[in-house]
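S.K.: here is my input; please provide its structure:
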Amino acid sequence: MKADARIDRRLSDLLASLETAARLVDRGRAAFDTDPAIALAFEALSNRVGEIAKRLTAADATRFSQPIWAQAARNRDVVVHHYDRIDRDALWKTVTLSFPELRAAAAAARA
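M.R.: Numbering: from 1, shown residues only. Sure thing, here's the model as predicted:
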């Protein structure tokens, strides 16, 4: 598979994951606070999103040089390696503030 096709596939996967996160965010903070499955889903999505961001940056460091790409990768590392110390407020901020910013960057990179 050519590099451009891999990048396009990864951008599609990233946008799908970010869309899933947005649908969960739409349930609201109260649902996040009361349903442990939502927090676990956000952890899994943070892992997936960060891993895709790492792969995109490795594939084309110039195209994916905005700080949001590195932030997504670092967030993934925190979630994966420090799962026992995840700050729920920080996780909520990530999915409500950073994920939409990454979604805009991914959409722009796709154009």
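S.K.: helix or strand for the residue nearest in space to the middle of the chain, which one?
M.R.: By CA atoms, centre = their mean, the chain has its centre lying nearest to residue 49, at 3.3 Å. Taking DSSP states H and E as the criterion, residue 49 maps to helix 36-59.
S.K.: list the buried ones in that helix?
M.R.: For helix 36-59, a neighbour-count test (16 or more other CB atoms under 10 Å) marks 38-39, 41-43, 45-57 as buried. Every C-beta, even on glycine, is put in place using the N, C-alpha and C of the backbone.
S.K.: so where's this protein uncertain?
M.R.: Where the chain drops to pLDDT under 70, the residues are 1.
S.K.: so where do the helices sit in it?
M.R.: Counting by DSSP state H, the chain has these helices, from start to end: 3-25, 29-34, 36-59, 67-81, 88-93, 99-110.
S.K.: show me what the fourth one is packed against.
M.R.: Here helix 67-81 touches helix 36-59, helix 99-110, going by 3 or more CB pairs under 8 Å, 6 or more residues apart in numbering; DSSP states H and E.
S.K.: which one of these lies nearest to residue 80?
M.R.: helix 36-59 (5.7 Å; CB to CB).
S.K.: now residue 64, what are its backbone angles?
M.R.: With angles defined as degrees, to the nearest 10, residue 64 sits at phi -120, psi 50.
S.K.: coming back round to it: now the helices and strands packed on helix 67-81 as CSV including distance to residue 27?
M.R.: Output for the helices and strands packed on helix 67-81, formatted as CSV (distance: least, CB to CB, whole Å):
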stretch, distance to residue 27
helix 36-59, 7
helix 99-110, 14
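S.K.: and these: which comes nearest residue 68?
M.R.: Using CB to CB, the helices and strands packed on helix 67-81 put helix 99-110 closest to residue 68, at 5.1 Å.
S.K.: if we can go back for a sec, packing partners for the helix holding residue 49?
M.R.: helix 3-25, helix 29-34, helix 67-81, helix 88-93, helix 99-110.
S.K.: angle of that helix against helix 3-25?
M.R.: Relative orientation of helix 36-59 versus helix 3-25 (axes from the mean of the first three to the mean of the last three CA atoms, to 10 degrees): 160 degrees.
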